[in-house]
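Enquirer: after the sequence you'll find the predicted model.
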Amino acid sequence: MPDIRGYHAHVYFDAQTQDKARAVCERARDLFPVTMGRMHERPVGPHPVPSCQLAFAPEAFADVMGWLALNRDGLVVFTHPETGDDLADHRDHAIWMGAVLPLKLAMFETG
């Protein structure tokens, strides 16, 4: 079993929910040992919609995920572990809160 080095939670938003997403991410950053990334106003990487990344250590998983479950304010949150296998992390080990959206996984697939 691969080691989990950390987690990324991606809070998805659109033009109407961007401020709500920023508030959720900033509150998580202020409450927990979380690193908040930029508010990407367009899809980046495998993500199909704009998002903000919250990065945290395995030790913070229960607290961060429990808080997000209760405080995501209706936003979709996609979380995955960081094991070094990007395809498996995003495809096989994904944790969704809200709608499950199709990711652009081709960037992780090797010929």
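Expert: That came through, no problem. In this text, all values refer to a predicted model and were calculated from it rather than measured experimentally. Numbers count the residues shown, from 1 in each chain.
Enquirer: so for the helix or strand bottoming out on mean pLDDT in the chain, what gets flagged as buried?
Expert: Of all helical and strand segments in the chain, the minimum by mean pLDDT, DSSP states H and E falls on helix 86-91, at a mean of 93. Within helix 86-91, the residues that count as buried by 16 or more other CB atoms under 10 Å are 86, 89-90. In short, each C-beta sits where N, CA and C put it, glycine included.
Enquirer: can you count the residues close to Leu68?
Expert: 22 (other CB atoms under 10 Å).
Enquirer: next, it: phi, psi?
Expert: Dihedral angles of Leu68 (phi, psi; degrees, to the nearest 10) stand at phi -60, psi -40.
Enquirer: and Pro50, how far from Ile95?
Expert: Separation of Pro50 from Ile95 (CB to CB, to the nearest Å) stands at 20 Å.
Enquirer: of the two, which one has the most company?
Expert: Pro50 (20 against 14).
Enquirer: make sure the more buried one is actually in contact with His10.
Expert: No. Counting by CB atoms under 8 Å, Pro50 does not reach His10; the two are 9.9 Å apart.
Enquirer: okay, the least confident helix or strand of the chain in PDB with CA atoms only?
Expert: Extracted C-alpha coordinates of helix 86-91, given in PDB (Å, rounded to 0.1, in the frame of the first residue of the first chain):
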ATOM      1  CA  ASP A  86      -1.500  11.000  -9.800                       C
ATOM      2  CA  LEU A  87      -3.800   8.900 -12.000                       C
ATOM      3  CA  ALA A  88      -4.800   6.600  -9.200                       C
ATOM      4  CA  ASP A  89      -5.000   9.500  -6.700                       C
ATOM      5  CA  HIS A  90      -7.500  11.400  -8.900                       C
ATOM      6  CA  ARG A  91      -9.400   8.400 -10.300                       C
END
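Enquirer: I am finished for the moment; much appreciated.
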